[in-house]
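Q: I would like the atomic coordinates for the input below:
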Amino acid sequence: SDMDIQRYSYCCLNNTIAIFCGVLFFQGVQQLVEHYILEGTTLGFQLLVNMSHMLFWQMMMTVTLALCSGIVKGQREDVPRATRELDMKCWAVLFSHVTAFAYINAWGTLQQSDIFRSMTGMEFLVVPLAGLGLSAINCCTALLREYVSLMDDGEKDQSEIAWDEGTA
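A: All right, here's what the predicted structure looks like:
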């Protein structure tokens with residue numbers, strides 16, 4: 001009967017379901033990529049494809065949340081802001097998990113390369129490299145969101161702020 005317990009239970013279940021859906025969705029797409037594109041290729045090509053796959057999911061998350069937020073003029077203007085925010089939260093949780101699994105896969109591919117497996121302990125260098133790579137991609141997408149938000153009228157409206165916060 002405690003409302004706090006109900007809310008936290010709901011949030012826990014929501015996040016658990018989102019993680020499982022994210023895992024299943026990413027693994028399904030990754031299996032297709034491996035079967036049709038990566039089978040029998042070099043590790044360098046696999047790294048290139050997996051990094052591209054990672055960037056694809058990052059952009060899919062950004063674009064999907066842009067569409068859900070209503071920043072595209074003429075779309076979703078008739079949908080109440082509370083509904084748009086719920087839609088954004090739903091897709092943000094799912095796409096953030098799919099994107100995270102793509103990041104793990106891409107940086108794990110780098111970790112398996114001969115460069116990082118040649119000497120004991122070198123594979124741990126991937127961790128700071130992944131952190132720098134993630135920071136650089138986040139900075140680039142933040143600049144992109146800022147540019148898109150300001151390009152129409154020079155100001156951020158509520159939908160653009162929600163898009164920026166949801167994607168971040």
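Q: which residues of this structure fall in strands?
A: Along the chain, no segments are classed as strands by DSSP state E.
Q: low-confidence ranges in it?
A: 74 (pLDDT under 70).
Q: the spatially most central residue of it - nearest residue in space that isn't next to it in sequence?
A: With distances taken as CA atoms, centre = their mean, T99 lies nearest the centre of the chain, 3.3 Å away. For T99, ignoring the flanking residues on the chain, the nearest one in space by CB to CB, 6 or more residues apart in numbering is W57 at 4.3 Å. Placement of C-beta: from N, CA and C, glycine included.
Q: also I161?
A: Closest to I161 by CB to CB, 6+ apart is S149, at 8.0 Å.
Q: what number of residues lie near the one you found?
A: 20 (other CB atoms under 10 Å).
Q: kindly report the same for G166.
A: Using other CB under 10 Å, G166 has 24 neighbouring residues.
Q: rewinding a little: verify the stated contact: the residue nearest to T99 with S96.
A: No - if you go by CB atoms under 8 Å, W57 and S96 don't touch, sitting 9.4 Å apart.
Q: between these two, who's got more neighbours?
A: Taking neighbours as other CB under 10 Å, W57 and S96 compare with W57 leading, 24 against 19.
Q: for that one, give me its contacts.
A: 26, 95, 98-99, 102 (CB atoms under 8 Å, 6 or more residues apart in numbering).
Q: so which of the residues you listed belong to helices?
A: Counted as lying in helices by DSSP state H, out of these, are 26, 95, 98-99, 102.
Q: which among these end up buried?
A: By neighbour count, with 16 or more other CB atoms under 10 Å, those hold 26, 95, 98-99, 102 as buried.
Q: just put those residues in a markdown table and tack on distance to E155.
A: Output for these, formatted as a markdown table (distance: CB to CB, whole Å):
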| residue | distance to E155 |
| --- | --- |
| F26 | 37 |
| F95 | 27 |
| V98 | 32 |
| T99 | 29 |
| A102 | 33 |
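Q: returning to what we had before: can you tell me how far the residue nearest to I161 is from A142?
A: Distance from S149 to A142, counting by CB to CB, to the nearest Å: 10 Å.
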